[in-house]
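Visitor: For reference, the sequence and a predicted model appear below.
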Amino acid sequence: MKKVTYRDQISKVLGISLVVFLLFSVSLIAQDEAVAEAAVETEAAAGGGDPVKGKSLFNQNCAACHALNRKMTGPALANVEARLAEDEGLDKEWLYAWIKNSPGMIKSGDAYAVKIYNEYNQAAMTAFPTLSNQDIDDILAYTAAPPSTPPPTQVGGTNGPVAAASSGISNEVILGALALVFGLLVFMLMSVNKTLRRVMEANGVNVEEEREKRLPIWKAFAKNQFLVLVTAIFLLLASGYFAYGWMMQVGVDQGYAPIQPIHYSHKIHAGDNKIECKYCHSSARVSKHSGIPSLNVCMNCHKSIYEYKGNPEGPSREDLANGYTNEFYTGEIKKLYAAVGWDEENQKYTGESTPVEWVRIHNLPDFAYFNHSQHVSVAGVECQTCHGPVEEMEIMYQYSPLTMGWCINCHRETNVKVEGNEYYEKIHAELSKKYGVETLTAAQMGGLECGKCHY
Amino acid sequence: MASNKKYWKSEAELNPNDSIVETLRQNEFVEEIPVDDFLGDKDTLESTSTNRRDFLKYVGFSTAAASLAACEGPVIKSIPYVVAPENIVPGVANYYATSIANGFDFASILVKTREGRPIKVENNTYAKVNGGANARVQASVLSLYDSTRLQGPVAEGEEVDWDTLDTRVKAAIGAARTSGKQIALLTQTYASPSTSRLVEEFKALGGAVNHVTYDAISEDAALTAFENKYGERALADYDFEKADLIISFGADFLADWQGGGYDSGYSKGRIPSNGKMSRHVQFEANMSLTGANADKRVPLTPMFQKIAIAKLYAALNGSSVGGELGDAQRALDSVVAQIRKSKGKAVVVSGIADVNVQAVVLAINEMLGSDAFNPKTPRYTRQGSTQAVNTLIADMNSGKVGVLIMDGVNPMFTLPNAEAFKAGLEKVDTSVAFSTNWNETTEVVDYTAAANHYLESWGDLQLKKGQYSLMQPTIKELFDTRQFQSALLNWMGSDKNYYDYIKETWSTFVLNGGSWNKALQDGVFDSETAAMMSASEDADPQIMTAPSEDKEEASDTMVEEAMTAGASIDAAVRSLAGTSSSEGMELVLYSEVSMGDGQQASNPWLQEFPDPITRVSWDNYVTVSKMDAESLGLTNWNVANGGMNGSYAKLTVNGVSIDKVPVVVQPGQAKGSVGLSLGYGKTVGMKSEMQTGVNAYPLYQDFSNVQSVTIEKADGEHEFACVQLHKTMMGRGDIIKETTLEIFNTKDHAEWNHVPQVSLDHQEVPATSVSLWDDFDRSIGHHFNMSIDLNACTGCGACVIACHAENNVPVVGKAEVRRSRDMHWLRIDRYYSSEDSFEADNTKKVEFDGLSGDKGSLGGFGELEDPSVNPQVAFQPVMCQHCNHAPCETVCPVAATSHGRQGQNQMAYNRCVGTRYCANNCPYKVRRFNWFLYNNNDEFDFHMNNDLGKMVVNPDVNVRSRGVIEKCSMCIQKTQKTILDAKRDGRVIADGEFQTACSSACNNGAIVFGDINDTESKVAELKEDDRMYHLLEHVGTKPNVFYQVKVRNTTEA
């Protein structure tokens, strides 16, 4: 259960086969889309707004609460203009007024405004008085016909795996050639040997006789007590060394990367999206625990991020090989929704939640007291110092050994961050004078005392 | 070389015909060993399919499987909140101000919660009255997690839901209303404005509602006397800080007298400042905590105390009364002279449950006019009326009661006439009892309503006129329970919840424009205006508790007669002076510090808490004076395994007798009196380990704490769990240094606080100047020191329980305590003097001359082991002294105990291998060894073996395992937290921020903790005090804990 480095051998194979399958399917779909987009673009140009400008405006102002094709905090906006005109008989002017001052419209008692206000849990829409009519036109143009994103996946998707496959083949060829060369070498050596023997026999030299007089080497060794003793001591020492080494790693779980109930990728969150660690692990600032974020913290963003769209360059080969497709990640987001009880359809919490049972990775023994806030807030240690390159970790693992020696070593080497901290002023002045140093290490400050961590 | 000698093993071998010898020769054993029984009979063995090789295969396989499985580390789950509460940060404690009001203990407190679990009780320093948590209140947090708590309502032995209970009770109330039968509420004292209002509203709904307040240990006499004099049913308030002279007649005011909470004021007046401190004279029968702290203690039976009070009144009044006091007359004369001298700074109190006594005491205090006596803003912490209770029982027996609802009381256990109550209960149509635990009363009622613990409840209090407190829940109900008030609101058909109800009461009557949120945050509200209900006569809380119809039925004619007019005081005095001795001895019933009235009997912390005086845990006992014990043949003796044993006695009061009461021979017990504590002896609904002691309530007849008793020896011997067998200091005055106020004021401190001398190079030098070791420089950073003022310490033991709670100290049980394996990190040693005073002990020891003879040390030391008949008493809290030159550190073979720069002697449990060298080398005997695994071990069924009880564990402190030494850490988890908070805020730490569990629990200012490198701090100042000394200074350990010399005010008139 613990070490799972090779756990996904099978999924790798499956992933590769999937990639091969996609090689053929992706290009077909992409072609279809391209045709559709071309049609839409021509259509939008007639509308008056600029859908490209509209897209950037939409992303800046609207995307937090609206999506094109699904309900979020607010209604889906695809073709909103046409829809309103057809269903409600409301024209563009109504939309201008609504967007610029929606609370005013609700107050004034506009029938549809009140209806939509009540329909969406009375969450009032922010007023956008700064948007000009042209801006709104642009947005509406975008909602009517979103411009396509250039399909980079097509390019990346086609070339990557092929290259990978070809390089795989070439490796094998080289290896095969090497083996062949070795085989040839062995054969040649043996035939040289054979030839030499024949020459020797022909010349009448007899090597065999001289040999027979000698003792076999193991017998000579066994008879030499000194050698036996030295060897025995050496073996004992060596085995002792290795036994010690082996025993010292008992309970050290460096590299422990358990399978979690939800595949949470730190790489995507902290790496790709550059979310500050302490946004989610907020209690690290004030508490001894860094804290696993509660699901309501996840929902701060995931209320609007309901699917994974991948990075712009498309999933890397590696990701695809692991099966980390967009669908896979979106599936994980659905797991979050199930746990927190979020009804996507109605954008409401159902109230039926199941806590997520994460597998704890960093397990400090109970007799060691560790306080995150001391290190994070006071000492200003980067999270990565102990937890490693978390922003690159697709699967979180224990980076550091978390042994006492590791702690102590850092305390010996790390200087205390005293600048601007009034608490340290007096003690730093006195201690640095006593030790005759400019900066003090944590150890000099008393950070090696047993009772500082064990009580 | 071979010898032909034949050795024979027994006489029987000489007889050639002996059958046994013959058999032994043939067989190894005389009797046939039933081999088949344990090996299995042949048939079974042959028919089994498992042969030896299979068996070995199975063994091999399972061993291999087990070892393989062991290679895998456990998978630890971490489950965050789905929606995190806004104010909970995992790992950070939240504090809530609340109050306890269980009918016996009333206090405003702070509750520390971690991740939503209350784990510790702290004092509320904002509170002007009862802001200190005593030992029972400190321990009450564990009662919340009692695994024997009721988990839901019970109807006639079956678990039901609240809806069922509600329907049935509502129906019963309705039926009683129509039939005109009484609806009786029998409750504890609430002192709660909202509850009073609620009961009034319940009355207003119709029916003959009768609210009876019942205190298990009654203060009815004091209440009645106060009511007669001042017109309000309450208790006079005393501020002992303002008194120069305190005269007490059997009032244990440092413990539970009249609701308690007087110790902190007392202690403040006891610390000598500007050459002055209060003087305290105690006349009492039992050796109480208060008597132990007195400057002069006169052992006197209650009968003589009454005469003495009468004589005191007369002397101050200038009149004279009859009655003989004997030897105590001299002491009383001196007291009279001192009172005259004190010029209105004297106060007199009494704990005798007699209306005459209480009336005379009030009259004396009125006459003395001391600031310390305050009848204007009285206390409401006891309101029980014995008359009303008796009337109710009579009503029940005559079938007048339709519905009886009880809350916070356990009359079947605490009533002396429980049988009458039970008989009455059978005639009551419907009876309901609110209770947190299954008990004697819930056994006999129709419906048991599972009640909330106070930490799960809302409530409000008026402890003293104008001083309000709020009670708020610190955790959601753990079980399907409800508090009485919520249930009553429901039964009244109201849809309000009790929280809104309290808020309404407060905004209408209490707050007077003040902020509710602030009051809730502070936990207390100080109202300058008069008590809330006094404006409206019909809603006066005092009148509610004693309905007028009961008064008419009052049968005690003497009370009526004595209390009608001012002149009646004279009658009362005459009646007291005329008190004559009855047959037998006088029994004084009291409440012990650990158990109180017994409602927390299933709390293991309290059971294991040793009584401050006798140092006996897990028991109650009858205390007998040495002379009486000798004449009755009662003894205590120590046995070889280090335990104390004692005789049993049979006590009989008025035909009611209790057999097999363990006896403790108590120095200082007045001859002719015996003492017995209430609250023990509970059996129903308790774990077997907790069923300790005997129930003394059957002797508590007519709710009088003084009874006439006959005592005789009973068969058998009792095994006590006493933690201190050695009672005296044997003249070693440097353990507890003490002096008199006179010497303290007039002489140099070198004389009364002598630093021990040692010989260095044939020169006498102070022991503190000699050292085997090089000193470390401790002037940089923090250096923690603790000061313990022996003058301020009353020995109450709140610190012991606080330490227990803070540091996850395990409870080990009676058998283990008896083997001296108690785990208390902090103990309070109690010493008796062998002569009349400790000073005399010291003199006696110094004057020893030779081995034998009159002044010989051989016999002399033997005499010094015995405490005096009326000894001086001294308390000394001892925890790890955190020696700078610690003997324990040098002997640890694995360096598990080491010294920190901040002065703390640190203990790394995971490094300890359990040699116990350190414990052997510790001169203070403060190290404790874990003989067993006390957690997760059903052999120790206290609280650490069940999930519920474990919720009280402090997550910042390690739970120790078997085989390691543990000891006081000077609360390093708390000092480290204070430092971290300051570092995070980037500020300097202010004095008073550093606290340990004991120093913050000490409401008396006896324990002061801090950083001596902060020269401005209080502890640095105390370290330079003339009274400062170290325990066993001559050993040269240079402790970081120091004591302040005890000063006794021996000034007679």
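Guide: The structure has been received and is ready for your questions.
Visitor: residue boundaries of the helices in the stretch 101-250 of chain B?
Guide: Under the criterion DSSP state H, counting those that start in this stretch, helices of the stretch 101-250 of chain B are mapped to B:135-144, B:162-179, B:193-204, B:220-230.
Visitor: so how many other residues sit close to residue 171?
Guide: Picking chain A for this. If you count neighbours by other C-beta atoms under 10 Å in any protein chain shown, residue A:171 ends up with 10. In short, each C-beta sits where N, CA and C put it, glycine included.
Visitor: could you do chain B instead?
Guide: Neighbours of residue B:171 under the rule other C-beta under 10 Å: 11.
Visitor: Next: residue A:429.
Guide: 12.
Visitor: try residue B:628
Guide: Neighbours of residue B:628 using other C-beta under 10 Å come to 19.
Visitor: Could you tell me which residues make contact with it?
Guide: Contact analysis of residue B:628 by C-beta atoms under 8 Å, 6 or more residues apart in numbering or on different chains lists B:585, B:634, B:669, B:671, B:672, B:674, B:711.
Visitor: What's opposite the last one in the beta bridge?
Guide: In other words, residue B:711. Under the criterion DSSP bridges, residue B:711 forms beta bridges with residue B:651.
Visitor: of all of chain A, which residue lies closest to chain B?
Guide: residue A:451 (2.9 Å; C-beta to the nearest C-beta).
Visitor: doesn't residue B:911 make contact with that residue?
Guide: No. Residue A:451 is not in contact with residue B:911 according to C-beta atoms under 8 Å; the separation is 11.3 Å.
Visitor: before we move on, back to that, right, and the pair among the contacts of residue B:628 with maximum separation?
Guide: Farthest-apart pair in these is B:634 and B:672; separation 14.4 Å (C-beta to C-beta).
Visitor: who has more neighbours, the two?
Guide: residue B:634 (24 against 19).
Visitor: rewinding a little: return the distance of the residue of chain A closest to chain B relative to residue A:379.
Guide: Here residue A:451 is placed at a distance of 19 Å from residue A:379 (C-beta to C-beta, to the nearest Å).
Visitor: Give me every residue in the stretch 701-850 of chain B that's in contact range of chain A.
Guide: For the stretch 701-850 of chain B, the residues in contact with chain A (C-beta under 8 Å from any C-beta of the partner chain) are B:777, B:779, B:780, B:781.
Visitor: So what does the last one look like in phi/psi?
Guide: When you say that, I think you mean residue B:781. Torsion angles at residue B:781 (phi, psi; degrees, to the nearest 10) stand at phi 80, psi -160.
Visitor: neighbours around it, how many?
Guide: 18.
Visitor: Local confidence estimate at it?
Guide: You'll see residue B:781 listed with a pLDDT of 89.
Visitor: One more: the first one?
Guide: Among the per-residue scores, residue B:777 shows a pLDDT of 82.
Visitor: list the contacts for it?
Guide: Here residue B:777 is in contact with residue A:434 (criterion: C-beta under 8 Å, 6+ apart).
Visitor: Residue B:646 looks like it's in a strand, true?
Guide: Yes. Under DSSP: H, G, I helix; E, B strand; the rest coil, residue B:646 sits within a strand.
Visitor: Which phi and psi values does the closest residue to it other than its chain neighbours adopt?
Guide: In space, and not counting its chain neighbours, residue B:646 is closest to residue B:636: 4.5 Å by C-beta to C-beta, 6 or more residues apart in numbering or on different chains. Per-residue torsions, residue B:636: phi -120, psi 140 (degrees, to the nearest 10).
Visitor: shaky segments in the stretch 151-300 of chain A?
Guide: A:151-169, A:206-213 (pLDDT under 70).
Visitor: all strands of it, in order?
Guide: Assigned by DSSP state E, counting those that start in this stretch, the stretch 151-300 of chain A shows no strands.
Visitor: can you give me the helices in it?
Guide: Using DSSP H, counting those that start in this stretch, helices in the stretch 151-300 of chain A cover A:152-203, A:208-213, A:217-223, A:225-248, A:266, A:277-280, A:295-302.
Visitor: okay, these, which one's buried deepest?
Guide: Neighbour counts (mean count of other C-beta atoms under 10 Å in any protein chain shown) averaged over each of the helices of the stretch 151-300 of chain A peak at helix A:266, with a mean of 21.
Visitor: That helix close to chain B?
Guide: No. Counting by C-beta under 8 Å from any C-beta, no contacts exist between helix A:266 and chain B, the nearest distance being 15.7 Å.
Visitor: Nothing else from me, thank you.
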